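> using only what follows, build the 3D model:
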Amino acid sequence: MRVLHGFRKAERNASEVFGSHDEAIVLDFAIRTTVLTCGLAMESVDSLPLTQHETVARFRVTHELWVVAVAAVIFLGCCFSPPALMDDMDAVQAQIARNMLVSGDWVTAHLDGVKYLEKSPLKYWMIAVSYKIFGIHDWAARLPVALVAVLLCWLTARIGTWAFSPRAGLYAGLVLATCVGLFLFTRMLIPDVVLTFTITLAMWSFLRALEPGESHARRWAWLMAASIGTGLLLKGLIAAVFPIGGGLVYLAFSRQLFLRQTWQRLRPFSGALIVLLIAAPWHVLATLRNPPYLYFSMRSVAGEYHGFFWFYFFNEHLLRFLNLRYPHDYGTVPRAYFWLFHLLWLFPWSLYLPAAARLSYKPNDRAGRMRLLALCWTGFLLLFFTFSTTQEYYSMPCYPALALLLGCAIAEGVWIRPAQRLVSSIAAACAIAVAVILVQVWRLPTPGDIVNALTQHPEAYTLSLGHMQDLTLASFAYLRVPLIVAGLAFVVGATAGWWRQPQFALAAMMVLFLHAARLAMVVFDPHMSSRPLADALVKAPPGTLIEDDAYYTFSSVFFYANRDALLLNGRKTNLEYGSYAPDAPKVFINDSDFAQLWRRPERYYLLVEGPQMPRIEKLAAQPALHVVAESGGKFLLTNHANPD
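Next comes the predicted model:
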């Protein structure tokens with residue numbers, strides 16, 4: 001009777017763990033076979049939990065390896081060039097890291113010799129270490145972001161397995177690895193995916209420290225503090241605001257906020273010491289090396305320099321939040337778009353959000369506590385940015401929380417069939433649309449590069465997908481290969497209902513689609529990057545480089561050619577504040593300075609965008625303008641004809 005009771009207990013446990021009748025039968029058969037074969041009789045019952053745990057561990061490892069494999073195919077597979085590093089922020093981050101490595105100054109970032117004080121340094125350190133190991137390459141610059149993206153997907157799967165089940169962990173990891181947003185916002189060298197990793201680890205550590213029966217609560221509390229301290233070196237104070245704010249909201253809803261045991265397990269005092277030990281040294285050094293030391297003011301205007309402390313803490317944190325920062329070189333996404341775009345950033349899994357709404361959020365068990373924490377985590381972050389200036393990618397730290405909720409809902413089978421039908425219908429419609437476009441553009445000519453077929457909508461470029469408005473029907477002729485791959489992806493998604501596991505079909509669809517997006521970015525390379533101009537500059541005779549407009553406009557040239565430049569009317573955006581430092585280099589020139597330099601016998605080169613050519617022709621005099629190279633509507637000019 002005791003053995004029979006053990007069998008029944010094992011069956012119930014298997015069903016609870018796997019949530020699948022087929023897998024429960026397999027596990028039950030394995031248990032019975034082991035007991036009967038070994039003839040353990042009464043002792044066999046005691047060994048049943050061990051067998052179950054070993055099986056669960058095996059499934060956990062297998063599922064997590066699948067998540068890592070899928071994420072690696074996406075993020076590491078898109079790490080190499082082409083496409084090249086883009087102008088603007090992408091190449092800027094790579095060049096700052098190179099400057100740190102070459103100069104040996106790991107405290108103060110510089111661009112073109114000018115102090116760049118607005119960002120924390122850890123992302124630069126990571127890239128610089130990658131350069132040190134692999135050499136200075138664009139793929140080496142991208143590698144840290146790609147690796148952390150893979151680790152983030154694994155961490156999300158691991159949390160889902162711990163909180164819910166191996167199957168829920170698998171789905172949560174796949175949701176995060178294959179959603180649109182995480183891929184899109186890791187195409188640039190911004191630190192947000194690394195910040196997301198530290199916040200996710202901090203939130204899990206927070207819950208583990210509070211978990212009833214947790215024997216290592218102190219270690220988890222200290223890991224939470226270490227994660228927050230590391231995050232402070234990535235993107236400033238929000239790395240502490242988000243986990244602390246989300247955690248306090250969770251404690252309030254779970255009625256643990258005023259319990260003495262809560263704070264004994266979280267260890268806020270020793271945790272604060274760990275945060276300071278990690279984050280304080282750089283902040284202190286940056287303040288000491290960039291005086292004045294302690295300047296307090298809510299006034300931010302042009303032409304004033306008040307050192308690192310004021311600029312970093314007041315201008316870049318407080319005044320940016322209040323939309324009072326100068327220079328006002330950033331846009332903000334309308335609030336409605338900021339919220340609604342999450343349907344796109346989490347596509348196709350966002351269509352399962354109604355299933356997540358049907359879950360229980362009562363903190364009665366581990367799963368309920370994790371769901372409640374994910375909800376508080378997401379809600380606090382989104383509300384925070386609702387009252388601040390914001391960009392679409394600012395909400396990335398809540399993607400793992402939403403992925404956990406979606407993974408749990410999919411594993412529990414809540415509202416699954418309607419969502420699957422909807423996703424398959426959308427995929428089928430997209431496949432038809434792709435086919436129609438291909439038929440219309442198949443025989444169209446493709447002279448030059450895709451820039452020749454694009455329109456310009458600069459007012460839309462504050463949005464991550466603003467350049468999509470530049471597309472015309474003729475431009476799709478340059479995108480035939482990406483369209484074919486995307487069409488195949490949508491066919492896979494449209495047939496998801498025929499798969500035994502439709503979620504795997506959707507994951508396969510997104511892997512194909514995201515690689516189609518990478519192929520499209522290769523086609524857009526002349527538009528988004530200036531690498532061909534850098535290659536031409538490297539091959540040209542020696543000369544002084546001048547760049548028209550802000551440094552960011554041609555930042556990929558500075559990286560690939562490894563050159564500094566004089567900046568024509570370039571005292572703007574992120575270099576403006578550093579340009580007023582007492583030791584700022586004399587690299588900023590105006591139109592009058594340019595006209596004098598261009599007429600000198602020494603050789604000068606000029607980087608300029610096509611729309612600015614008429615102005616440059618007036619300044620330089622037409623005979624003195626010689627085109628060295630042109631790419632994507634951008635030009636490299638010189639004041640003397642190159643020798644044959």
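> thinking Ala474 is in contact with Val441, fair?
Yes. Contact criterion CB atoms under 8 Å: Ala474 and Val441 qualify, at 7.2 Å. C-betas here are computed from N, CA, C, even on glycine.
> which parts of stretch 427-447 are buried?
Residues Ala427, Ala428, Cys430, Ala431, Val434, Ile437, Leu438, Val441, Thr446 are the ones in stretch 427-447 that count as buried (16 or more other CB atoms under 10 Å).
> correction: stretch 497-517
Counting neighbours by 16+ other CB under 10 Å, the buried set in stretch 497-517 is 502-517.
> which two among the buried residues of stretch 427-447 are spaced furthest apart?
Spatial extent of the buried residues of stretch 427-447 (CB to CB) is set by the pair Ala428 and Thr446 at 28.5 Å.
> of the buried residues of stretch 497-517, which belong to helices?
Counting by DSSP state H, the buried residues of stretch 497-517 place 502-517 in helices.
> now, which of those residues sits nearest Ile278?
Lowest distance from Ile278 to those (CB to CB) belongs to Leu514, with 34.1 Å.
> what's near enough to touch that closest one?
Ile74, Cys78, Thr178, Val180, Phe183 (CB atoms under 8 Å, 6 or more residues apart in numbering).
> how much space is there between it and Ala163?
27 Å (CB to CB, to the nearest Å).
> for Leu568, same thing?
56 Å.
> swap in Ile437?
43 Å.
> just Ser555 next, same as before
Noted for Ser555: a distance of 42 Å to Ala163, by CB to CB.
> contacts for stretch 73-90, please.
Residues outside stretch 73-90 that contact it (CB under 8 Å, 6+ apart) are 91, 94, 138-139, 141-143, 145-147, 149-150, 177-178, 183, 186-190, 511, 514-515, 518, 521-522, 524-525, 528-531, 552-556, 559-560.
> can you list the low-confidence ranges for the stretch 51-200 of the chain?
51-57, 59 (pLDDT under 70).
> what about the helices in it?
89-103, 122-134, 138-163, 166-178, 180-184, 192-210 (DSSP state H, counting those that start in this stretch).
> tell me which of those sits most buried.
helix 166-178 (a mean of 29; mean count of other CB atoms under 10 Å).
> for it, packing partners?
helix 2-18, helix 42-71, helix 138-163, helix 399-412, helix 502-523 (3 or more CB pairs under 8 Å, 6 or more residues apart in numbering; DSSP states H and E).
> check contacts around the residue nearest to Gly229 when sequence neighbours are not counted.
Excluding the flanking residues, the one nearest Gly229 by CB to CB, 6 or more residues apart in numbering is Ile278, at 3.1 Å. Neighbouring residues of Ile278 by CB under 8 Å, 6+ apart: Ala226, Gly229, Thr230, Leu232, Leu233.
> can I get whichever strand or helix holds Ile278 in CSV, CA atoms only?
Using DSSP states H and E, Ile278 falls within helix 268-289. The C-alpha trace of helix 268-289 is given here as CSV (Å, rounded to 0.1, in the frame of the first residue of the first chain):
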residue,chain,number,x,y,z
PRO,A,268,19.4,47.4,3.7
PHE,A,269,22.4,48.7,5.7
SER,A,270,25.0,46.1,4.6
GLY,A,271,23.4,46.3,1.1
ALA,A,272,23.9,50.1,1.0
LEU,A,273,27.5,49.6,1.9
ILE,A,274,28.0,47.1,-1.0
VAL,A,275,26.3,49.6,-3.4
LEU,A,276,28.7,52.3,-2.3
LEU,A,277,31.8,50.1,-2.5
ILE,A,278,30.9,49.3,-6.1
ALA,A,279,29.6,52.6,-7.4
ALA,A,280,31.2,55.3,-5.3
PRO,A,281,34.8,55.1,-6.4
TRP,A,282,34.2,56.2,-10.0
HIS,A,283,31.8,58.9,-9.0
VAL,A,284,34.3,60.4,-6.5
LEU,A,285,37.2,60.2,-9.0
ALA,A,286,35.1,61.7,-11.8
THR,A,287,34.1,64.6,-9.4
LEU,A,288,37.7,65.2,-8.3
ARG,A,289,39.1,65.1,-11.8
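> cheers, nothing more for now.
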